[in-house]
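>>> What shape does this take:
(chains A and B)
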Amino acid sequence: DGGITQSPKYLFRKEGQNVTLSCEQNLNHDAMYWYRQDPGQGLRLIYYSQIVNDFQKGDIAEGYSVSREKKESFPLTVTSAQKNPTAFYLCASSIDLNYEQYFGPGTRLTVT
Amino acid sequence: EDQVTQSPEALRLQEGESSSLNCSYTVSGLRGLFWYRQDPGKGPEFLFTLYSAGEEKEKERLKATLTKKESFLHITAPKPEDSATYLCAVRSNFGNEKLTFGTGTRLTIIP
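Modelled structure (predicted):
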């Protein structure tokens, strides 16, 4: 079955620690994305990648970092510089930047 | 700046009671309007893409329509399993490749 996997489903961290969220897709999609979802707000774009070894900042990239070393994988690191990291994080992919995006199941990160 | 407003915020319907959800948008040239369904605690599920005014798409009990200023998601004879939050997003001709999302309509179908 083709799809997008995110792990873990729930993640708990102490303030001041960096944490990496995993995103893998087997859809052979070129483009991948990371969004953040908070209650009462629309999804907001953190980073996106059009192709391997290339990525661009979205609207809220501060305090986050990404890498795209393989087509299938687009991990997101939430650094200690992110002031309000507790949120639901969603990874998505698309054939390329012009097509509809398909989302993974999400990771709920709680930082205390 | 692109903007998307969805209404109502929440809608409760009896099973079988048809209705419509609204997505109003402001973009600098529309390059696609997208509808998604999201169940609690899960990722959004893609439903439709609309590109130009007058376009319509259907899937089971759902039909999406598009004008130059808004899109409607019509739900006909809904069932309890249609309960979810429905998200609308737009992509514009200018700027980067991002989608701008609305905050969603939370739909509850009462048996």
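>>> What parts of chain A come near chain B?
Neighbours of chain B within chain A, by Cβ under 8 Å from any Cβ of the partner chain: A:4, A:6, A:31, A:40-45, A:48, A:50, A:56, A:58-59, A:90, A:92, A:97-98, A:100-106, A:108. The C-beta positions use only the backbone N, C-alpha and C, and glycine is treated the same way.
>>> ChimeraX command to pick out the buried ones of those?
Buried members of these, defined by 16 or more other Cβ atoms under 10 Å in any protein chain shown, are picked up in ChimeraX with:
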select /A:4,6,31,42,43,44,45,48,58,90,92,97,100,101,102,103,104,106
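>>> The one residue sitting closest to the centre of chain A - nearest residue in space that isn't next to it in sequence?
The centre of chain A sits closest to residue A:34, judged by Cα atoms, centre = their mean, with a distance of 3.0 Å. Distances taken as Cβ to Cβ, 6 or more residues apart in numbering or on different chains place residue A:46 nearest to residue A:34, at 4.3 Å, with adjacent residues excluded.
>>> what about the helix or strand where the one you found lies, distance to the chain center?
Element membership for residue A:46 (DSSP states H and E) is strand A:44-51. Mean C-alpha position of strand A:44-51 versus that of the full chain (Cα atoms, centre = their mean, to the nearest Å) differs by 8 Å.
>>> Partner strands of it and their direction?
Applying DSSP bridges, strand A:44-51 is found paired with strand A:31-37 (antiparallel), strand A:54-57 (antiparallel).
>>> The next helix or strand after the last one packs against which elements?
Put plainly, it is strand A:54-57. Toward the C-terminal end, the helix or strand that comes next after strand A:54-57 (DSSP H and E) is strand A:64-66. Here strand A:64-66 touches strand A:44-51, strand A:76-78, going by 3 or more Cβ pairs under 8 Å, 6 or more residues apart in numbering or on different chains; DSSP states H and E.
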